[in-house]
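S.K.: What shape does this take:
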Amino acid sequence: MKGFHLLSSALFACSAAAIGQKSTVNFNGTGMLLASKGASAQILAEQDDWPAVLRVCDDLAMDFGRVTGTNGSVTLLSNGTTPSLNSSMIFNATGRTTYRVSSSSYSKGGIVIVGTIGSSTTIDRLASEGKIDVSAIEGSWEAYISTVVADPMPGVSEAMIIAGSDRRGTVYGMYSVSEQIGVSPWYYWADSPPQNHDSIHATNTTVVQSSPSVKYRGFFLNDEAPALTGWIDAKFPPSPWGPGFNADFYKTVFELLLRLRANYLWPAQWNSMFNVDDPRSQPLADEYGIVMGTSHTEPMDRATKEWTVFGDGPWQWNLNNESIYPFFVEGAERAKPYETVLTMGMRGSGDTALGAGIETDLLESVVNAQTQILDNIWGNASVQNPDIVPQMWCLYKEVQGYYQAGMRVPDYITLLWTDDNYGNIRRLPLQNETDRVGGAGVYYHFDYVGDPRNYKWINTVQLQKTWEQMHLAYKRDAKTIWIVNVGDLKPLEEPISHFFDLAYDMDIWDKDSVPRWLEMWAAREFGSAVATQTAEVMNNYSIAAGRRKFELVDPTTYSLINYNEADRVLGEWQAMQKSAQSIMDSLPTATQPAFFEMVYHAVTAAYVYYDIMISSARNNLYAEQGRNSANTVAQHVLNQFAHDHELTAQYNGLLNGKWDHMMDQTHIGYQYWQQPMRQALPGLQYVATLERSLAGDMGVTIQNSNATVPGDDMYHTLSSNALTFTPFDPYGVSSQWIDIFSMGTNDFAWNITANASFVSFSQSSGTISPNSSDLRIYATVDWEKCPPGSGMVIVNVSSSENADTQYMAETEYGTQYSMPQLMLPYNHTQLPSSFNNGFVESDAHISIELEHYSTITANSSAVSYNVIPGLSRTLSGVTLFPVTAESQSTSSGPALEYNLCTFTNTTAGGVVNITVVTTTSLNTDPDRPLKYAVQFDEQEPQTVQYIIDQPAGANPLGWTTAVSDSAWMTTTNFTYAGAGEHTLRVWALEPGVVLNTAWVDLGGILPSYLGPPESVRIL
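M.R.: Modelled structure (predicted):
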């Protein structure tokens, strides 16, 4: 993997523990003392403030205790009356009877006054007296200010003030302090230990935190069996209707969301009913300050299972609207007292299409009926105000086809556009759609069940892709709702945190921000001492896991013989695992569970999974080649299969089984899109080690070949004892390997010789026994000694063994074969002295990472190419900024230009094939499909529209292959004039095109998953 570099930024150096937050506290003794090991922070709030605020006062008091060892105290200010707002569900679910936390045995520390504008007379008084300035946030959504004020009230000389524009603004202001002092949002859900500080001081500064970038920011608990449901079954009593997804569970989810500065939830729904399983859950959500919703397939605040349990007749509007209509009414009436985003529209039963085709009239009648219901309950004026009755229509899968067919909903309904379930947004607002009062949003996926394959096991999210897609959505005005499907919630802690940090303040995270963000995340969760190393591991993990979903990786994915691809990829995973192990071993015992859950398990399990798949492929290849070592490799696969189980058991058993069953998801043995019912290895083969091969005891094979000599197989000419290397040249690989191995029952000595002094071997002789490991020998050409021009070197590989019988003496290479010979062609090519700043051919191809351009032509102040590190299967993505730019053309748009030098004189058909690899982004504007153009030398540029949309909301042509491979790959061909210097130009013709690599094929590209490694680049 590539090196890891952090970019300095004053913004991100402000606080050791809080991600993207402006610092209001410090540990160096500057400013007012808030808390210490012997002094208790004093938190003051008014009893008539929101229950959400008062509850978090308790959290903040206990967070001070988590960090210093001394809990803060909470005092509620009152005028002698009883509280005006109901906290009964909070008290019920938490077991508390009051918000007053006492720390009377400790001396008093600093005072923190918290309150919500309009709900706290203290805050309102401080504002009216000019002691705090709330003008920047008053009337805003979820904003707050934090400052230090002298003489805020009688008897108080100084206090830290946190004032929110609304209840969640105040909550976020307090939780920002919690995070800054060293309490992770994941202290419960991922067991992150708090930091420890002797004292905490309030910095004498004023922070104004404006409204979040996205209004509603939430996740969807979905696809929640077997893992999350198994955990629920083990930890919570069942409801009368199924698993115990109750208020005791959801209170932990609500708190997590708020600590992550989120506000919105689609609850679990596969086998549960949020409002029915536990009647406490909905009012508890409201008291916490969580906005509830239901998924794209659950209209009018009714869970899917509610129809199964309580519905009457089929879930078909055209056949049964008389029963469905009152079902909708009950859902809307039940939601009215609470902050809810209502799902509009309707899909078929079980998250399927509503009908066989696009029946626009049918769905319009559903929405009209739903609107009538809401009008009857809230009144027309309220329904048309999204601040009072927020509604959304999710254009998921075929529902987008209804929109394409012309169906529209009122402007006050938010259009929730979706990705393709694989992280590629399908549609975003056009210019004529950005004025809708309901706005637009995005439903995104970190987890999915469906074609081409489920991905539910461990984290496969490429953070760079998340940034690129959500940055595109934000700039295209899809920022009313961001909701992400997170499956079981665990083990997706890292991408969930990243997603919500983007949603909260998108403007502070740029295209280079992922490594910076990762270091801050690692410092928060595991401590600053291991932050840089952990961030490097997880940055590399993000790229490697993003190449292909684990569930789609099988023994055929990576090439064992071409470009050393499988060994390189496995080596990358092994290096990550070793780093993760080193970090794990260095951590305090208290930090190890969190690191195991969020880093170590994912990295190690991924390495083991890759080892199983690649070693299974190796076993099959070795068995085909007759190697005795095939059986050893088979045993290694079995050992790693057992290791996979051990990792699962270790996760489930962590902390005395706290997360038991959370890692129950099967992941080995997929046969089609659905999960395997039981883990099952790929097929393994064994060779008969008690019997000698018909070709003798010694086998020989070479890089880029499946064939073995001596002997016959389908990969080389019958009865031939020769194999031919890929041609050597000065600009290709520095060496190629030869494998020598046992395929018999006797010891043998081997020897390698070549008829040219400029060819050397890493080892030229040795002895191998039937139980020995295979030997890999590297052949290298010394180009300083190699004569000019082209030629062929003959390499002989001979064996000798104890010929104690006439038969053994006569059958050194079996009864019909002879000594293996390896043909080593070489091309001692020379570059023109004038060539520079470009790429050089080797083995009839050139491979280019497109960020390594020679120059950019037709530079423009209106649009420019930007490199997004890591947004690729190999190195980076190159794309146009701003993403709102106009379409480009080959005549006036900027082009990436690459200087090339080739040595191949002629090609098949006289053409050169150029393949451009891009990310899997989709056409988010139907009138501006993604396109690029390519030109070879001065031939006419060819425009490539590589994504062809289909009607009725269907995925584009070739989508299954593209998302499986994590890349679109398209090939154009040009006339090839012969060896010499050439020029390649590539244009991105639309923002949203993300260019990765280009392969210039002169007939030498070999099959592989990632393509050939980058060619030699002369600077």
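
S.K.: in the helix or strand of the chain with the lowest mean pLDDT, what's buried?
M.R.: Ranked by mean pLDDT, DSSP states H and E, the helix or strand of the chain with the weakest confidence is helix 806-810, at a mean of 85. Buried residues in helix 806-810, counted by 16 or more other C-beta atoms under 10 Å: none are found. Any C-beta I mention is one placed from the backbone N, CA and C, and that applies to glycine too.

S.K.: Identify all contacting residues around the helix or strand following it.
M.R.: Per DSSP states H and E, helix 806-810 leads on to strand 821-828 as the next helix or strand towards the C-terminus. If you take C-beta atoms under 8 Å, 6 or more residues apart in numbering as the criterion, strand 821-828 is touched by 700, 702, 709, 721-725, 727-730, 738, 754, 759, 779, 781, 783, 786-797, 903.

S.K.: at 7 Å instead, please
M.R.: By C-beta atoms under 7 Å, 6 or more residues apart in numbering, the list of residues contacting strand 821-828 from outside reads 702, 721-725, 727-730, 738, 759, 779, 781, 783, 786-797, 903.

S.K.: Give the pairing partners of the longest strand along the chain; include direction for each.
M.R.: For the chain, the strand with the greatest residue count under DSSP state E is strand 789-800. With DSSP bridges as the test, strand 789-800 is paired with strand 748-754 (antiparallel), strand 821-828 (antiparallel).

S.K.: hmm, back to that, check the contacts of strand 821-828 for burial and list the buried ones.
M.R.: 702, 721, 723-725, 727-730, 738, 759, 779, 781, 786, 793, 795, 797, 903.

S.K.: before we move on, the earlier item: where's the least confident helix or strand of the chain relative to the chain centroid, distance-wise?
M.R.: Centre-to-centre, helix 806-810 and its host chain are 61 Å apart (C-alpha atoms, centre = their mean, to the nearest Å).

S.K.: Equivalent analysis for stretch 605-614, please.
M.R.: Stretch 605-614 has its C-alpha centroid displaced from the chain centroid by 18 Å (C-alpha atoms, centre = their mean).

S.K.: List the residues that contact Asp729.
M.R.: Tyr826, Asn827, Thr829, Ser842.

S.K.: from those, which single one is nearest Pro390?
M.R.: Using C-beta to C-beta, Ser842 comes nearest to Pro390 of the contacts of Asp729, at 59.2 Å.

S.K.: Look at Met662 and give its secondary structure.
M.R.: Secondary structure, DSSP: H, G, I helix; E, B strand; the rest coil: Met662 is coil.

S.K.: Need the per-residue pLDDT for it.
M.R.: Looking at Met662, its pLDDT is 98.

S.K.: dump the residue contacts of it.
M.R.: Contacts of Met662 by C-beta under 7 Å, 6+ apart are Ala227, Trp231, Asp488, Lys490, Tyr651, Asn652.

S.K.: again, only this time at 6 Å
M.R.: Met662 makes contact with Ala227, Trp231, Lys490, according to C-beta atoms under 6 Å, 6 or more residues apart in numbering.

S.K.: ditto for Tyr610
M.R.: Leu570, Trp573.

S.K.: part of a strand, is it?
M.R.: No. Tyr610: not assigned to a strand; according to three-state DSSP it is helix.

S.K.: measure it to Gln577 for me?
M.R.: To Gln577, Tyr610 is 10 Å away according to C-beta to C-beta, to the nearest Å.

S.K.: isn't Asn866 right up against Phe881?
M.R.: Yes. If you go by C-beta atoms under 6 Å, Asn866 and Phe881 touch, sitting 4.7 Å apart.

S.K.: Name the SS class of the residue nearest the centre of the chain, please.
M.R.: Note on the chain: the residue nearest the mean C-alpha position is Val461, at 1.1 Å, using C-alpha atoms, centre = their mean. Assigned with three-state DSSP, Val461 falls in the coil class.

S.K.: most distant residue from the middle of this structure?
M.R.: Largest centre distance within the chain, by C-alpha atoms, centre = their mean: Gln806, 64.1 Å.

S.K.: Quickly note the distance from that residue to Tyr264.
M.R.: For Gln806, the distance to Tyr264 - C-beta to C-beta - is 84 Å.

S.K.: okay, now Ser734: neighbour count?
M.R.: A count of neighbours around Ser734, defined by other C-beta atoms under 10 Å, yields 10.

S.K.: In the stretch 451-600 of the chain, where is pLDDT below threshold?
M.R.: Of all residues in the stretch 451-600 of the chain, none has pLDDT under 70.

S.K.: and Val366, which of the strands paired with strand 789-800 is closest to it?
M.R.: That would be strand 821-828 among the strands paired with strand 789-800, by C-beta to C-beta, at 68.9 Å.

S.K.: And that closest one, what's buried?
M.R.: So for strand 821-828, counting by 16+ other C-beta under 10 Å, buried means Gln821, Leu822, Leu824, Tyr826, Asn827, His828.

S.K.: what mean pLDDT does it have?
M.R.: Strand 821-828 comes out at a mean pLDDT of 97.

S.K.: show me what contacts Ser921?
M.R.: Neighbouring residues of Ser921 by C-beta under 6 Å, 6+ apart: Asn424, Gly992, Val994.

S.K.: what about the helices in the stretch 1-150 of the chain?
M.R.: For the stretch 1-150 of the chain, applying DSSP state H, counting those that start in this stretch gives helices covering 51-68, 88-94, 121-128.

S.K.: Most tightly packed of the ones you listed?
M.R.: Each of those was scored by mean neighbour count; the highest is helix 51-68, a mean of 24, by mean count of other C-beta atoms under 10 Å.

S.K.: and the lengthiest helix in the chain, what's its mean pLDDT?
M.R.: In the chain, assigned by DSSP state H, the helix with the most residues is helix 629-657. In this model, helix 629-657 has an average pLDDT of 98.

S.K.: Could you do stretch 798-805 as well?
M.R.: Mean predicted confidence for stretch 798-805 is 87.

S.K.: do stretch 1004-1017 as well
M.R.: 97.

S.K.: Identify all contacting residues around it.
M.R.: Against stretch 1004-1017 from outside (C-beta under 6 Å, 6+ apart): 557-559, 562-563, 565, 731, 839-840, 843-847, 849, 852, 873, 999.

S.K.: Report the beta-bridge partner residues of the closest residue to Met32 other than its chain neighbours.
M.R.: Nearest-residue entry for Met32: Ala202, 4.5 Å, with adjacent residues in sequence omitted and distances by C-beta to C-beta, 6 or more residues apart in numbering. Applying DSSP bridges to Ala202 gives these bridge partners: Val25, Met32.

S.K.: quick thing: my sequence starts at 4, can you match it?
M.R.: In the new numbering, first residue 4, that becomes Ala205.

S.K.: Counting neighbours, what do you get for Ala205?
M.R.: Neighbours of Ala205 (other C-beta under 10 Å): 26.

S.K.: go on, Trp320?
M.R.: By other C-beta under 10 Å, the residues close to Trp320 number 19.

S.K.: Likewise for the one 3 residues further on?
M.R.: Taking other C-beta under 10 Å as the criterion, the count of residues near Asn323 is 15.

S.K.: Where does it sit, in terms of helix or strand?
M.R.: helix 320-338.

S.K.: can you pull the alpha-carbon coordinates of the following helix or strand past that helix into PDB?
M.R.: The first helix or strand that comes after helix 320-338 along the chain, using DSSP H and E, is strand 343-347. Extracted as PDB, the C-alpha positions of strand 343-347 are listed here (Å, rounded to 0.1, in the frame of the first residue of the first chain):
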ATOM      1  CA  THR A 343     -41.400  12.400  13.200                       C
ATOM      2  CA  VAL A 344     -40.400  12.400   9.600                       C
ATOM      3  CA  LEU A 345     -43.300  10.600   7.900                       C
ATOM      4  CA  THR A 346     -42.600   8.200   5.000                       C
ATOM      5  CA  MET A 347     -44.900   8.800   2.100                       C
END
